[in-house]
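**Student:** Sequence below, structure please.
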Amino acid sequence: MGKIYCIMGKSATGKDTIYKRLLADEKLHLKKIVTYTTRPIRVGEKPGEEYFFIGEEEVKKLTDEGKIVELRAYNTVHGIWKYMTVADENIDLENHDYLIIGTPESYKGCVKFFGSDVMVPILVTVDDGERLERALKRERKQEHPKYEEMCRRFLADAEDFSDEKIQQAGIEKSFENNSLEECYKEITDYILGGRDV
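**Tutor:** All right, here's what the predicted structure looks like:
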């Protein structure tokens, strides 16, 4: 049975960069589970790469078909944005290991759906001051920066990734991203060390 490695972290912790590198690392042989969202696409994002970008009608259709593993809704300054994991035809745990980006809440939903023997949490952390600097730098690169949303998300992360929620999700280990190279090596060693060789 394959594993699903769920990489999590507050905004601007470097989880997207680590995620892309883990997928590209040939010794890990990981396939990606692309989650779905109703939020607008950002500059540089490609549909089917970071997310599948869908509308409310498709969310209802997937719900009616019983394909939604877990769903989170965030009340942003631009309206309600939904993020969800969908049990689609791309997941084959008999033959592959997977990587997914999530939150403690989405991880809990995936554990409930797939089982704790399949799900492996990877929590990436960074000092909040450093995170805020990174987030501001990233937002300035957008064609239409959404600073209010950046601040809302920064504050929402404190709740979404609270010690209590991390504990409730059963996440016991974290990886500090002070140095991308060191953090990446620690995560790859952790993945390889947990596999039957």
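
**Student:** C-alpha only now, for contacts and for neighbours.
**Tutor:** OK.

**Student:** Wait, Ile68 touches Met84, no?
**Tutor:** Yes: between Ile68 and Met84 there is a contact at 6.9 Å, judged by C-alpha atoms under 8 Å.

**Student:** Could you say whether the residue sitting nearest the centre point of the chain sits in a helix, a strand or coil?
**Tutor:** Compute the mean C-alpha point of the chain, and by C-alpha atoms, centre = their mean the closest residue is Ile101, 2.0 Å away. The three-state assignment at Ile101 reads strand, by DSSP: H, G, I helix; E, B strand; the rest coil.

**Student:** where does Ile171 land in three-state SS?
**Tutor:** coil.

**Student:** now the residue lying closest to it once chain neighbours are set aside: how far from His144?
**Tutor:** Spatial nearest neighbour of Ile171, chain neighbours left out: Pro121 (6.3 Å); criterion: C-alpha to C-alpha, 6 or more residues apart in numbering. For Pro121, the distance to His144 (C-alpha to C-alpha, to the nearest Å) stands at 34 Å.

**Student:** just Glu159 next, same as before
**Tutor:** 27 Å.

**Student:** same thing with Ala156?
**Tutor:** 21 Å.

**Student:** Compare those two (neighbour count), which wins?
**Tutor:** Ala156 (16 against 10; other C-alpha atoms under 10 Å).

**Student:** ok, now which ones touch the more buried one?
**Tutor:** Contact analysis of Ala156 by C-alpha atoms under 8 Å, 6 or more residues apart in numbering lists nothing.

**Student:** how far away is it from Ala73?
**Tutor:** 12 Å.

**Student:** what do you get for Ala158?
**Tutor:** For Ala158, the distance to Ala73 - C-alpha to C-alpha - is 16 Å.

**Student:** next one: Phe175
**Tutor:** Using C-alpha to C-alpha, Phe175 is found at 27 Å from Ala73.

**Student:** In terms of neighbours, single out the busier of those two.
**Tutor:** Phe175 (16 against 12).

**Student:** Report pLDDT for the closest residue to that one other than its chain neighbours.
**Tutor:** In this structure, Phe175 finds its nearest non-sequential neighbour in Val124, 4.8 Å apart by C-alpha to C-alpha, 6+ apart. pLDDT, Val124: 98.

**Student:** Neighbouring strands - and their directions - for the host helix or strand of Val124?
**Tutor:** In the assignment (DSSP states H and E), Val124 maps to strand 119-125. Each strand paired with strand 119-125, and its direction, by DSSP bridges: strand 4-8 (parallel), strand 174-176 (parallel).

**Student:** which of those is buried the deepest?
**Tutor:** Each of these was scored by mean neighbour count; the highest is strand 4-8, a mean of 23, by mean count of other C-alpha atoms under 10 Å.

**Student:** what comes into contact with that one?
**Tutor:** With C-alpha under 8 Å, 6+ apart, strand 4-8 has contacts from 15, 19, 97-104, 107, 118-124.
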